[in-house]
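kindly generate the corresponding structure for this input.
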Amino acid sequence: MVKPTFKANPIQVQVPATSANLGPGFDSFGLALAMHDRYVAQILDDAGLDIDVTGEGADEVPRTDKNLLVKAMNKGFDYLGGKPKGIAVRALNVIPHGRGLGSSASAIIGGLCLARALVLTGIDKMSDEKLLQLATDMEGHPDNVAAALYGNAVVAWQEDQHGKEIAQAISLSVDTRIRAIAFIPSTAVATSKARKMLPEMIPHRDAARNSANSALLVHALTLRPDLLFRATQDFLHQSYRSEAMPASFALLTKLRAAGVAAFISGAGPTVLALHTGNESDVAELIRAAGSKFEAKSLEIARSGATIL
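You can find the predicted model right below:
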């Protein structure tokens, strides 16, 4: 493969936060939220790696090639024909880390988009579909990364094609009346820990009810927000993770008892509520959550990763 020609000018991209599962849609539904991380990268003439991080996770994020944003950029460069000598990267992180709001998906999609944009013919050589595949290879499942890439809501899956798992996604246009409130606790929960708590088998009745709600969720998100409460009820994974996030699960139980379409966002511990209410309704929900959570009222991000 011919070594790529790199652009000299800096490239900036913003990527939305994402919520996955949305209740019953385990590892298949994703939703983009209007809270964005921004990344800037520029090719350097001299060898080296210059990383600056501000905002969320600034004290923990590595300043080496182990940085997830840089790893994604390098994966993209390798696909496009080769890495540059040096890279300067700036990250302004707004999405909380370890809270189930897609911070890793944002970094992965951001890195791949930067790599594609920094190569002269990158957009011709790396389609969105291929970018999604590269991102899924890094993330392990396509729900968050698909929502971060495309915006709005997505249904994502992987299918076997000649012995290789290929990521697929379709976009859903979320009803414009729907907004979200994220109830974010101060403590993180590792996704790997949350996944280890899931059972290998569940009762047939629970599987049937979960399947019905997942199907209904498509209709509720796009046309019938009045069905969101029913459609976000999960029987597959949330209750099994309750011990890892007792405060979040208590809030989830409280909100759903009041008829709110609430669920654990991704692997948690953030609780996300979808609603069509007014400002006073939002204020009431925020008061109900108490002081253990930082509440953020969020619009649905109608666009995914965007070069600025």
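
mind listing the helices for the stretch 1-150 of the chain?
Per DSSP state H, counting those that start in this stretch, the stretch 1-150 of the chain carries helices over the ranges 68-80, 103-118, 122-125, 128-139, 143-150.

could you dump the strand or helix carrying A250 to CSV, C-alpha only?
Here A250 is covered by helix 246-257, with elements defined by DSSP states H and E. Output in CSV follows, covering the C-alpha atoms of helix 246-257 (Å, rounded to 0.1, in the frame of the first residue of the first chain):
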residue,chain,number,x,y,z
PRO,A,246,-27.0,0.3,44.8
ALA,A,247,-27.7,4.1,44.9
SER,A,248,-28.3,4.1,41.1
PHE,A,249,-30.6,1.1,41.3
ALA,A,250,-32.6,2.7,44.2
LEU,A,251,-33.1,5.9,42.1
LEU,A,252,-34.0,3.8,39.1
THR,A,253,-36.7,1.9,41.1
LYS,A,254,-38.0,5.2,42.5
LEU,A,255,-38.3,6.9,39.1
ARG,A,256,-40.0,3.9,37.5
ALA,A,257,-42.4,3.6,40.4
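
hmm, who's touching it?
Applying CB atoms under 8 Å, 6 or more residues apart in numbering, the external contacts of helix 246-257 come out as 183, 185, 229, 233, 238-239, 241-242, 262-264, 268-271, 273, 285, 288-290, 292-293. Heads up, the C-betas are built off the backbone N, CA and C, glycines and all.

kindly report the same for stretch 103-110.
Contacting residues not belonging to stretch 103-110 are listed as 13, 15-18, 36-37, 39, 56-57, 68-69, 72, 91, 93, 95-97, 131, 135, 138-139, 144-145, 147-149, 304-305 [CB under 8 Å, 6+ apart].

make a PyMOL selection of the buried ones in those.
Selection of buried members from these for PyMOL, criterion 16 or more other CB atoms under 10 Å:
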select buried, resi 13+15+16+17+18+36+37+39+56+57+68+69+72+91+93+95+96+131+135+138+139+144+145+147+148+149+304+305
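
would you mark the buried spots in the longest strand seen in the chain?
Longest strand in the chain, counting residues (DSSP state E): strand 25-44. Neighbour counts over strand 25-44 (16+ other CB under 10 Å) mark 25-43 as buried.

sweet, I'm off.
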